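[1] My questions concern the predicted model and sequence given below.
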Amino acid sequence: GLDAALLDGLKVLARQQGITLFMLLLASLQTLLHRYSGQADIRVGVPVANRTRSETQGLIGFFVNTQVLKAEFTTQTTVAELLQQVKHTALQAQAHQELPFEQLVEALQPQRSLSHSPLFQVMFNHQSQASADVRALPGLQVEALLPDSYPAQFDLTLNTAEHDGGLSAGLTYATALFDPRTIERMAGHWLALF
């Protein structure tokens, strides 16, 4: 993970660039994937709460939708350009977050395979400090129940969560595709981007 001082520095950088911490972390993951794969187009799946309607605000339930956010790299892409590209893509996706993932797949008609998700193989899931603070509800005791391990739903998933001590981060991966040493190296390379 990242300590509080580094997280604060990243938040300052994000503010200077007019982006959110989520956008900055997403850009870092997309950069890592670009460097590892050499591919110019990097697509990452992102879960969104999808609670834009007032009638869903007070409901308990799972309203999450998956969006696909793409970054395009060239040999001349600068960090500032990438951050603005990620910002634009994220804001466009947010404006259309009610479009069900299944309809997107149907409209794009990608080549299908039972072995992987049709539009992306890497997921990024970020929990902001604000979502962590939701656990404090008047009159209720709420705690997170975390499993000992998560099954890999995708080839690779980066989970990040803000907390008072900094930012925790973890990679969940398909063990048929990656060995632990590769993931440790990848995590080190991701941290080196900061």
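    All right, it came through fine. Numbering: from 1, shown residues only.

[2] got the CA coordinates for stretch 121-130 in PDB?
    Listed in PDB are the C-alpha atoms of stretch 121-130, where the atom choice follows Å, rounded to 0.1, in the frame of the first residue of the first chain:
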ATOM      1  CA  GLN A 121      -9.800  -8.900 -18.400                       C
ATOM      2  CA  VAL A 122      -8.600  -6.500 -15.700                       C
ATOM      3  CA  MET A 123     -10.800  -4.900 -13.000                       C
ATOM      4  CA  PHE A 124     -10.100  -1.900 -10.900                       C
ATOM      5  CA  ASN A 125     -12.100  -1.400  -7.700                       C
ATOM      6  CA  HIS A 126     -11.400   1.700  -5.500                       C
ATOM      7  CA  GLN A 127     -13.000   2.500  -2.200                       C
ATOM      8  CA  SER A 128     -12.700   6.200  -1.300                       C
ATOM      9  CA  GLN A 129     -12.500   7.400   2.300                       C
ATOM     10  CA  ALA A 130     -16.100   8.700   1.900                       C
END
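
[3] buried set for that stretch?
    121-124, 126-127 (16 or more other CB atoms under 10 Å). Quick note: C-beta positions are derived from backbone N, CA and C, even for glycine.

[4] And the most centrally placed residue in the chain, its phi and psi?
    Central residue of the chain (CA atoms, centre = their mean): F124, 2.4 Å from the mean position. Here the main-chain torsion angles of F124 (degrees, to the nearest 10) amount to phi -120, psi 120.

[5] Over to M123?
    For M123, the backbone dihedrals (degrees, to the nearest 10) come out as phi -120, psi 140.

[6] circling back: which one of the buried residues of stretch 121-130 sits closest to L82?
    For L82, the nearest member of those is F124. The distance, counting by CB to CB, is 14.9 Å.

[7] hey, what's the closest one bridged with?
    Using DSSP bridges, the bridge partners assigned to F124 are L158.

[8] just to revisit the earlier point, any idea which of the buried residues of stretch 121-130 is closest to T74?
    Distances from the buried residues of stretch 121-130 to T74 were compared by CB to CB; the smallest belongs to V122, at 20.4 Å.

[9] No further queries at this time; thank you.
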